[in-house]
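Undergrad: Predicted model follows, preceded by the sequence.
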Amino acid sequence: MHSTVCFCFFTFAIILALLSLSLYSLRSLQAPLCNCDVCASYLSSRWSSQFDNLCDWYTHLLQNSPTGTIHVHVLRNTITANPGNVEHILRARFDNYPKGKPFNAILGDLLGRGIFNADGESWLFQRKMARLELGSVSVRSYAFDIVRGEIETRLVPLLTSRMDCGAVDLQDVFRRFSFDSICKFSFGVDPGCLQLSLPISSFALAFDLASRLSAERAAHVSHVVWKAKRLLNVGSERRLRDAVKLVNALAEEVIRERRRLGSFATRNDLLSRFMGTVDDDVYLRDIVISFLLAGRDTVASALTGFFWLLSRNPEVERLIREESELVMDGSTGDVLASYEQMQRMHYLHAAVHESMRLFPPVQFDSKFASADDVLPDGTVVGGGTRVTYHPYAMGRMERIWGPDCLKFQPERWLQDGVFRPESLYKYPVFQAGPRACLGKEMAVVEMKSVALALVRRFDVRVVGTAQGARFSPGLTATMNGGLPVIVRERGASSRPPL
Ligand code: HEM
């Protein structure tokens with residue numbers, strides 16, 4: 001009897017919860033029931049019969065739109081690849097386009113109050129503090145040393161051990177590499193993911209799962225489903241809760257230990273630097289976890305895209321080698337270039353930027369309009385609706401990059417052999433305006449160091465590049481099925497000694 005009453009009560013509670021969530025969601029969504037071609041194709045996934053990836057379909061629609069802007073009504077989403085609009089959203093009317101509550105809810109469990117998930121005063125405080133730290137010479141050289149150490153002692157030995165051993169998933173290798181690097185940089189802790197025996201730490205696994213499941217929340221047309229699952233603690237939401245718990249527990253453990261040792265004043269990792277200013281350990285944890293998310297998958301994704309393109313364009317590889325040999329004194333030097341030498345490699349710098357034009361790690365990024373607005377191309381944006389700028393589509397727009405926009409051509413970034421930056425609103429790969437990426441320089445140096453070390457030491461060839469790239473859904477672009485490559489020793493005569 002007692003159990004029957006309990007069961008009825010529980011069922012009633014679930015129905016009530018689902019009902020109130022549905023009402024809340026319907027009110028907050030106000031999603032028009034739209035039957036236009038774009039919405040019908042989106043809802044029925046009809047687009048997938050013609051395109052490998054959602055981002056390719058959006059690119060096609062944006063290329064065909066006279067303004068470079070489209071609406072997906074059922075998502076209440078205005079998507080733009082128009083540089084004038086991008087500047088308006090990211091700079092001119094920055095105040096009207098915060099991350100907004102829906103985004104805060106999606107990433108809130110993993111990121112808490114961290115910079116990626118903050119607006120207003122809390123964001124400004126973290127931004128000022130982070131800019132100060134990331135701009136300091138000691139933190140930058142600490143980051144550079146971490147990357148060099150990881151390349152020299154782990155990445156190159158690992159790939160050497162895999163030479164002529166069949167295909168290696170380079171995307172997985174880069175993910176391990178960037179996780180080790182960003183954990184050392186942010187926490188001063190080495191998870192050891194890239195060791196020869198290839199262990200994978202529980203922290204890395206939990207972090208991966210938490211970011212993937214958080215991203216999946218964003219793919220739902222309505223918030224009702226994931227919010228109901230979270231309320232009931234079932235399915236993917238239960239797994240997300242467990243993963244976040246583990247990530248938080250490990251981060252808190254590191255913070256406690258650092259406080260106990262009192263060694264933070266002499267260390268250069270971000271956690272130690274922030275410990276001097278922030279007393280609240282939960283806030284500190286949130287701040288540092290945002291950095292893990294910022295610096296991990298983005299760099300791995302950028303490197304994956306770079307090697308995919310390089311494998312299809314051996315001439316670019318040849319020119320990178322040629323330049324490095326010139327700058328590094330006739331190829332007899334180390335595989336690793338100094339910071340100063342890399343500054344002189346304009347072709348390499350151009351190749352790295354060019355690869356992210358075609359394969360931006362953050363393919364699109366959304367804001368939520370606070371109030372009604374009109375974009376420079378005349379598009380009307382309703383208050384409370386989503387506005388997305390789309391770096392992936394922008395990199396493939398003929399009207400932005402010319403008729404050869406689909407070609408991997410580092411030369412487009414060079415004038416008389418010197419790197420010439422493009423407008424950030426034409427190339428918002430690192431976002432732009434007051435909220436632009438704070439790790440851009442660090443990321444580019446990391447990419448160049450890895451690219452150079454591998455190109456100078458190995459011949460890396462992707463297996464089966466005949467097809468276009470296919471991506472898995474997520475916060476950052478990830479290639480479906482990884483990036484299988486064959487690694488061979490570069491011709492002994494042209495290879496620099498280790
Ligand atoms: C190729 C690598 C990278 C790319 C393409 C990239 C791209 C971006 C983008 C698009 C944003 C804006 C995200 C948003 O507001 O929704 C962003 C923000 C940010 N990035 Fe990066 N990022 C990269 C690497 C890094 C690294 C290595 C770090 C730090 C160690 C970093 C730190 C940050 C931070 C702190 C923000 C937040 C800025 C703010 O909200 O004020 N990023 N990045």
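TA: Looks like it came in fine.
Undergrad: so Leu284 makes contact with Thr277?
TA: No. Contact status for Leu284 versus Thr277: not in contact, 9.3 Å apart, counting by Cβ atoms under 8 Å. From N, CA and C alone the C-beta is placed, and that goes for glycine too.
Undergrad: the more surrounded of these two?
TA: A side-by-side neighbour count of Leu284 and Thr277, using other Cβ atoms under 10 Å, places Leu284 first with 22 against 12.
Undergrad: Output the helix or strand hosting the more buried one as PDB, nothing but the C-alphas.
TA: With elements taken from DSSP states H and E, the one containing Leu284 is helix 281-295. What follows is helix 281-295, C-alpha atoms only, in PDB (Å, rounded to 0.1, in the frame of the first residue of the first chain):
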ATOM      1  CA  ASP A 281      37.800  28.400  -4.000                       C
ATOM      2  CA  VAL A 282      34.600  27.500  -5.900                       C
ATOM      3  CA  TYR A 283      35.000  30.600  -8.000                       C
ATOM      4  CA  LEU A 284      38.700  29.800  -8.500                       C
ATOM      5  CA  ARG A 285      37.700  26.300  -9.700                       C
ATOM      6  CA  ASP A 286      35.200  27.700 -12.200                       C
ATOM      7  CA  ILE A 287      37.800  30.200 -13.500                       C
ATOM      8  CA  VAL A 288      40.400  27.500 -14.200                       C
ATOM      9  CA  ILE A 289      37.900  25.000 -15.700                       C
ATOM     10  CA  SER A 290      36.900  27.600 -18.300                       C
ATOM     11  CA  PHE A 291      40.600  27.800 -19.300                       C
ATOM     12  CA  LEU A 292      40.700  24.000 -19.800                       C
ATOM     13  CA  LEU A 293      37.800  24.200 -22.100                       C
ATOM     14  CA  ALA A 294      39.200  27.200 -23.900                       C
ATOM     15  CA  GLY A 295      42.600  25.800 -24.600                       C
END
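Undergrad: starting at the chain centroid, how far to that helix?
TA: 15 Å (Cα atoms, centre = their mean, to the nearest Å).
Undergrad: What residues of that helix count as buried?
TA: Judged by neighbour count using 16 or more other Cβ atoms under 10 Å, the buried positions of helix 281-295 are 283-295.
Undergrad: In this protein, which residue is most central in space?
TA: Most central residue of the chain, judged by C-alpha distance to the mean C-alpha position with Cα atoms, centre = their mean, is Thr298 at 3.3 Å.
Undergrad: does it really touch Pro360, like I thought?
TA: No. Thr298 lies out of contact with Pro360 (Cβ under 8 Å); the separation is 9.4 Å.
Undergrad: just so I have it, where are all the helices in the stretch 151-300 of the chain?
TA: 156-161, 170-187, 202-219, 224-232, 235-261, 270-275, 281-295, 297-312 (DSSP state H, counting those that start in this stretch).
Undergrad: Export stretch 319-331 to PDB, keeping only CA atoms.
TA: Listed next in PDB are the C-alpha coordinates belonging to stretch 319-331 (Å, rounded to 0.1, in the frame of the first residue of the first chain):
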ATOM      1  CA  LEU A 319      57.600  25.600 -48.500                       C
ATOM      2  CA  ILE A 320      57.300  25.300 -44.700                       C
ATOM      3  CA  ARG A 321      60.300  23.100 -44.700                       C
ATOM      4  CA  GLU A 322      62.200  25.400 -47.000                       C
ATOM      5  CA  GLU A 323      61.500  28.500 -44.900                       C
ATOM      6  CA  SER A 324      62.400  26.700 -41.600                       C
ATOM      7  CA  GLU A 325      65.700  25.500 -43.100                       C
ATOM      8  CA  LEU A 326      66.500  29.100 -44.100                       C
ATOM      9  CA  VAL A 327      65.600  30.500 -40.700                       C
ATOM     10  CA  MET A 328      67.200  27.700 -38.700                       C
ATOM     11  CA  ASP A 329      70.500  27.700 -40.500                       C
ATOM     12  CA  GLY A 330      70.400  25.100 -43.200                       C
ATOM     13  CA  SER A 331      68.500  22.300 -41.500                       C
END
